[in-house]
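*Asks:* Provided below for reference: sequence and predicted model.
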Amino acid sequence: MRVRVLYFASFRDAAGRAEEDREVPPGTRILDLWEILSREIPAFSRFREMPPAAVNRLYQPSYVPLEDGDEVAYLPPVAGG
Amino acid sequence: MRVRVLYFASFRDAAGRAEEDREVPPGTRILDLWEILSREIPAFSRFREMPPAAVNRLYQPSYVPLEDGDEVAYLPPVAGG
Amino acid sequence: MYLTDQPIDLAAFFAAPRPSDGAVCLFVGVVRNESEGRETVAIEYQAYEEMAESEIAHVVASVSQEWPGTSVRITHRVGRLSIGEPSVAILVTAPHRDTAFAACRLAIEWLKEYVPIWKREIRPDGTGDWVEPRSPSLLSEGRSPLSDTLFNPKWRQEDPP
Amino acid sequence: MYLTDQPIDLAAFFAAPRPSDGAVCLFVGVVRNESEGRETVAIEYQAYEEMAESEIAHVVASVSQEWPGTSVRITHRVGRLSIGEPSVAILVTAPHRDTAFAACRLAIEWLKEYVPIWKREIRPDGTGDWVEPRSPSLLSEGRSPLSDTLFNPKWRQEDPP
């Protein structure tokens, strides 16, 4: 199945891209995709734990399985205001 | 000696005037003048204790003696804002 | 001049922050249409004007002393105000929001406790009583924590008999 | 639309209070010229725009639920801002000042914790790092107290494995 991954702020700088589509096996959880990305993007490994993640624009816990067409974002610490 | 007395809000309504000059004996304290006024203006006696008072636009305690030319005001509870 | 008998122009009152400021907190008190369940159609504000000016100056100085680094502006309307009109505006700018909120809140509390301004809530039939909350006990003793501290040498020099 | 890439016009943002409102509290965050002792010449704000819009809506709804009777408005700027420019404005009107202050403060705290907006402080040499405070631990568990409560049925239906 295919999911869309978005990158923001320091994650965008580290990934060198703002977004991409990824093929992942059915049953892939939010945490599984983070671990895949961490192996590709060395800067991500500075986080001992997975950062907050959103699926389809809502915060979701790491064990939530992704579905085809989902929009996934891993979010560096936010600093609005 | 002569002092100027100012009345505000409910005190002005009760006194029927905004200000007046009063002759008082030397040594008259803030509290003494309040007691004189309370005998003249029945509405003032609803206060068991002297209300806050200002002499020359500064809050002062009741035992402070008045001086010739002072501006004295007894202040009903304030409600600005 | 902290008092005005003209409508408060909030856009004009809003001062540009200093380059080191990161936070602005503005409090505006407005005339509301009821008080403890009774309808209000207007409020008349009366001040002991010369003393209110100096007491508001004491509030500004005392808040600035309590929260160093803040810049405090205050304006208060007098006269007859309609529903929705601002009666008071307090603007605090500060490096950080903690301080801005705390100083703004302190300023309105001190203003309400110590500044000689009174209000009469006018009912639909045109009558209306002066609002008289309880005086702070310190004030009943003739002491203001604001002017005692900074502006009342007379009081500090004299001992109670 | 809570986000804007245009300068925040505070006069236009300032909504007239309702007739039953007696208090207005406005918080404005502005770009300051230093951060922890390091000079800043500008700040770049970046947002996950669609999610930030819905999370700010969650802040507004949650604050209104926490402090009934308040009316809450929020706007947040994105893009590159100069020193002194407002980055965020939060306006709360309420019957009384306690509520107005508390709701305004809560709104900025929740916005800073949960809304996906990031900032990069730009130094005089043009470089600058993204500011990364610690994520709230709830958020690291994939939970937002705001959207959990009101807007995230999916999360509430599923049990951890």
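*Replies:* Nice, thanks for sending it over.
*Asks:* what about stretch A:18-31, near chain D?
*Replies:* Yes: Stretch A:18-31 comes into contact with chain D when judged by C-beta under 8 Å from any C-beta of the partner chain, the residues involved being residue A:30. C-beta: built from backbone N, CA, C; applies to glycine.
*Asks:* repeat for stretch C:62-81
*Replies:* No: between stretch C:62-81 and chain D, judged by C-beta under 8 Å from any C-beta, nothing touches; the nearest distance is 11.7 Å.
*Asks:* mind checking if that stretch is in reach of chain B?
*Replies:* Yes: interface with chain B: stretch C:62-81 contributes residue C:76 (C-beta under 8 Å from any C-beta).
*Asks:* what is the mean pLDDT for that stretch?
*Replies:* Averaged over stretch C:62-81, pLDDT sits at 97.
*Asks:* distance between the ends of it?
*Replies:* Start and end residues of stretch C:62-81 are separated by 29 Å (C-alpha to C-alpha, to the nearest Å).
*Asks:* got the buried residues for it?
*Replies:* Across stretch C:62-81, burial judged by 16 or more other C-beta atoms under 10 Å in any protein chain shown covers C:62-64, C:67, C:70-78, C:81.
*Asks:* same check on stretch C:5-15?
*Replies:* Of the residues in stretch C:5-15, those buried by neighbour count under the rule 16+ other C-beta under 10 Å are C:8, C:10, C:13-14.
*Asks:* quick one: contacts for the residue of chain C found nearest chain A?
*Replies:* Scanning chain C for the residue nearest chain A gives residue C:97, at 8.1 Å (criterion: C-beta to the nearest C-beta). For residue C:97, the contacting residues are C:22-23, C:25, D:27, D:29, D:108, taking C-beta atoms under 8 Å, 6 or more residues apart in numbering or on different chains as the criterion.
*Asks:* where along chain A do the helices fall?
*Replies:* Using DSSP state H, the helices assigned to chain A run over residues A:9-15, A:30-40.
*Asks:* make CSV from these and add mean neighbour count to it.
*Replies:* As requested, the helices of chain A are exported to CSV (neighbours: other C-beta atoms under 10 Å in any protein chain shown):
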stretch, mean neighbour count
helix A:9-15, 19
helix A:30-40, 16
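*Asks:* include distance to chain B and mean pLDDT when you put those helices into TSV, please.
*Replies:* Conversion of those to TSV gives the following (distance: least, C-beta to the nearest C-beta, whole Å; pLDDT from 0 to 100):
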stretch	distance to chain B	mean pLDDT
helix A:9-15	43	96
helix A:30-40	51	96
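*Asks:* may I see those arranged in CSV, with distance to residue A:65 as well?
*Replies:* Written out in CSV, the entries for the helices of chain A read as follows (distance: least, C-beta to C-beta, whole Å):
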stretch, distance to residue A:65
helix A:9-15, 22
helix A:30-40, 8
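*Asks:* among those, which is nearest residue C:124?
*Replies:* Distances from residue C:124 to each of these were compared using C-beta to C-beta; the shortest belongs to helix A:9-15, at 56.9 Å.
*Asks:* hmm, back to that, quick check: phi and psi on the residue of chain C closest to chain A?
*Replies:* Here is the backbone geometry of residue C:97 (degrees, to the nearest 10): phi -70, psi -30.
*Asks:* chain neighbours aside, what residue packs nearest to the residue of chain A found nearest chain C?
*Replies:* Proximity to chain C, evaluated over chain A using C-beta to the nearest C-beta, is greatest for residue A:81 at 8.1 Å. Across the structure, with C-beta to C-beta, 6 or more residues apart in numbering or on different chains as the measure, the residue nearest residue A:81 apart from its sequence neighbours is residue D:112 (4.2 Å).
*Asks:* residue A:3 now?
*Replies:* Across the structure, with C-beta to C-beta, 6+ apart as the measure, the residue nearest residue A:3 apart from its sequence neighbours is residue A:70 (4.7 Å).
*Asks:* could you report the neighbour count for residue C:123?
*Replies:* Other residues within reach of residue C:123 by the criterion other C-beta atoms under 10 Å in any protein chain shown amount to 15.
*Asks:* contact partners for residue 10?
*Replies:* You didn't pick a chain, so chain A it is. A:43, A:76, D:118, D:129-130, D:132.
*Asks:* wrong one, chain C
*Replies:* Applying C-beta under 8 Å, 6+ apart, one finds that residue C:10 lies in contact with C:26, C:28, C:86, C:89, D:11, D:14.
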